[in-house]
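[1] Let me see the structure of the following:
(chains A and B)
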There are 2 protein chains.
Amino acid sequence: MKNIFFTPGPSGLYFTAEQHIKNALNENIPSISHRSKSYVKMHQETTEALTELLQLPDNFTIGFTSSATEIWDRMSENLIANRSLHFVNGDFSKKFHSAVAAHGKNAESREVEAGTHHDLSSVVMDEDIELIGLAQNETSTGAAMPVEDINLLRSKYPTPLLAIDAVSSLPVPAFDFNQLDSLYFSVQKSFGLPAGLGVWTFNDRCLEKAEAMKANNQYHESYNSLLKIAKMAQKHQTTCTPNVLNIYLLGKVVQDMNTKGIGQIRQEAAYKSALLYNLFESHPKLSAFVADKKFRSQTVGVANVEGGSEKLIAGLAAKGLHIGNGYGEFKNKQIRIASFPTHSKEQIEMLVDEINQLDF
Amino acid sequence: MKNIFFTPGPSGLYFTAEQHIKNALNENIPSISHRSKSYVKMHQETTEALTELLQLPDNFTIGFTSSATEIWDRMSENLIANRSLHFVNGDFSKKFHSAVAAHGKNAESREVEAGTHHDLSSVVMDEDIELIGLAQNETSTGAAMPVEDINLLRSKYPTPLLAIDAVSSLPVPAFDFNQLDSLYFSVQKSFGLPAGLGVWTFNDRCLEKAEAMKANNQYHESYNSLLKIAKMAQKHQTTCTPNVLNIYLLGKVVQDMNTKGIGQIRQEAAYKSALLYNLFESHPKLSAFVADKKFRSQTVGVANVEGGSEKLIAGLAAKGLHIGNGYGEFKNKQIRIASFPTHSKEQIEMLVDEINQLDF
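    Numbering: from 1, shown residues only, chains lettered A, B, ... in the order given. Below you'll find the predicted structure:
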């Protein structure tokens, strides 16, 4: 039985990833030094492919970390001297807030109920907020913020650094990188790679903030502090021996995505998520957790399951179809289904058919 | 042409690693959640295998980081309130010293020339040194400290935490873990795995020190601070999404090493390094960089090459045999050859034959 993983991260590998792993072994990628010319060339190919996919402007740098969790820490240490504001609507946006607070900073949390998202049009904040944290796609609930609303927030509050968690949505949302400063993701979700690599894109405003903090002795020096990451990135290198294999694989998968075309990927994402929400609305035992259609994620669909989700999850698993359980307090009450770029339209159609046929 | 990597890290993959990568893909290891029962079981199997290989006592914990570089930082942040002392004899021992200094701590450096190591029998240090850093195997020079000397240092100075860098020597040296407190390595060297995982073993004295620093507000809180790593390790988990694939591979490779037997691995290491030093002493253009036989590494052999090392390195590369160049100031003047557990006796014999036959 072939297993298909619709879990919202780690998820199924991108459909070309296994072949790229075999190629990497044939090309001895695990044995090349991260200070060698062949590494530098490979690193550059990966960042160039990502720059193309995301349409990153020239003033952005791509840095690598071990995880998105590390990026929360690095922002706490290098971009927030005193105050940050966090739009919390689930466990992952809350974790960024907690990380900043653990660093002894004054981290303000604005919280809305799980399954919803914030009304950014009515936000009012103090002038001394240095960084705003927003989970564009809250993986724990499937609530997503439209890019237009992010741009609106930016136009109202252009001064604070705007840091966007796109861990489980990229490359689907068409971000305008001129309207944000820091955006990050990890590769085991919608990029369909093995875990162990965080990707952090940040612009010159972040570098200026870090320099200013350094000048004021407010900057925490570390082996992977922002300015060191940026300095090494100029040379297409990292501050320490990185997950070389994953940086190679990311480049190859992103090149495949570029070949397919971001337009096609976004069209398919819209179609697949429409299938899922249609299922949630039509099935008598399911209901979409995110009631407001405006906030429904195109990559992570979450539904309440009448009578509990265990039987449905187990029934699908018996057929080799693995979907996610509810997160945290919603465990065994909800299902979470990823429709990432690796998931074909046909796979989502089949999954919907199977759920419709199952007795749960 | 089959390539063989004798580079001192990243090096050749352990000879079973490729098969384990294929098995991992078949078992969907990249798609399992790091909070799932199957992950916990796998993580436990890896740490149990390592505990057996290293003969770790009960009071030691095994934690995972992204690299050994990260471990230098975590020791700086969580184990040194004020003062540390570093036995520097090359670039990697120097980097640990620099990392602690970058954290604003009073890090003392005792330096000897590259290619030598310290006389630990005559060391005198202040009573307020909290942590001693020592590279048991300095990868940049091939100078190694015998375990007996480490134990002697400990008997003279039992109070400071003793932190041992075994990045490129484990599992060959027979450390007595009752005579040290913190020992770390990364997997892309003698364990023959893709880069992107650091392994940190630490004992209860480290936990007590971290707790004391925390109580005194001298502890830097981070997502991967020592006490968090230790707390999650109790549950066979990590603080964030780790390099799951590498933790799996490490377990499998260490199980293979346990099956082979640590005694056999150590016997072969002695034989292989004897072949290399015999070559260095008998070849008219080569000479062992580490003059004092007592300090010669059994896993990384370094030789000066009369007239420069470029022609030799290129000549071997043309035959698919990849050895390391000199490090830093010794680039193009020296060669570095790894004889790690993945390198068979026959491979080292063949390499020696090829070097003897080459005109360089």
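
[2] Tell me the secondary structure of the residue with the largest distance to the centre of chain A, please.
    When distances are taken from the C-alpha mean of chain A, residue A:359 lies farthest, 33.4 Å away, according to C-alpha atoms, centre = their mean. Reducing the assignment at residue A:359 to three states with DSSP: H, G, I helix; E, B strand; the rest coil gives coil.

[3] and the gap between the residue nearest the centre of chain A and residue A:127?
    Relative to the mean C-alpha position of chain A, the nearest C-alpha, by C-alpha atoms, centre = their mean, is the one of residue A:167, at 0.9 Å. Noted for residue A:167: a distance of 29 Å to residue A:127, by C-beta to C-beta, to the nearest Å. (Glycine included, C-beta is placed from N, CA and C.)

[4] the domain parsing of chain A - what is it?
    Domains of chain A are assigned by automatic domain parsing as A:4-12+A:261-357, A:17-259.

[5] related to what we said a few turns ago, next, the residue nearest to the centre of chain A: secondary structure please.
    In three-state terms, and counting by three-state DSSP, residue A:167 is coil.

[6] for residue A:196, same thing?
    In three-state terms, and counting by three-state DSSP, residue A:196 is coil.

[7] pretty sure it contacts residue B:243?
    Yes: distance between residue A:196 and residue B:243: 3.1 Å, which falls inside the contact criterion (C-beta atoms under 8 Å).

[8] tell me the pLDDT at residue A:1?
    According to the predicted model, the pLDDT of residue A:1 comes to 71.

[9] Which residue, other than its chain neighbours, is closest to it?
    In space, not counting the residues next to it along the chain, residue A:1 is nearest to residue A:320; the distance is 4.4 Å by C-beta to C-beta, 6 or more residues apart in numbering or on different chains.

[10] In space, what's closest to residue A:194 - neighbours in sequence excluded?
    Ranked by C-beta to C-beta, 6+ apart and with sequence neighbours excluded, the top spatial neighbour of residue A:194 is residue B:30, at 3.9 Å.

[11] Tell me the residues of the stretch 51-200 of chain A that contact chain B?
    The interface of the stretch 51-200 of chain A toward chain B, taken as C-beta under 8 Å from any C-beta of the partner chain, is made up of A:65-70, A:72-73, A:99, A:102-104, A:186, A:188, A:193-197.

[12] at 10 Å instead, please
    For the stretch 51-200 of chain A, the residues in contact with chain B (C-beta under 10 Å from any C-beta of the partner chain) are A:64-74, A:76-77, A:95, A:98-99, A:101-104, A:167, A:186-189, A:192-198.

[13] Those residues in strands, which ones?
    Taking DSSP state E as the definition of strands, these contribute A:64, A:65, A:186, A:198.

[14] Distance of the residue nearest to the third one when sequence neighbours are not counted relative to residue B:290?
    Put plainly, it is residue A:186. If the residues on either side of it in the chain are set aside, residue A:186 comes closest to residue A:68, at 4.3 Å by C-beta to C-beta, 6+ apart. Taking C-beta to C-beta as the measure, residue A:68 and residue B:290 are separated by 43 Å.

[15] got the residues of the stretch 201-350 of chain A near chain B?
    Where proximity means C-beta under 10 Å from any C-beta, the interface of the stretch 201-350 of chain A facing chain B comprises A:217, A:220-225, A:228, A:238-248, A:322, A:324-325.

[16] Using ChimeraX, define a selection of the buried residues within those.
    What follows is the ChimeraX syntax selecting those of these that are buried according to 16 or more other C-beta atoms under 10 Å in any protein chain shown:
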select /A:220,221,222,223,224,225,228,238,239,240,241,242,243,244,245,246,247,248,322,324,325
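
[17] Just the ones of the residues of the stretch 201-350 of chain A next to chain B in strands?
    A:322, A:324, A:325.
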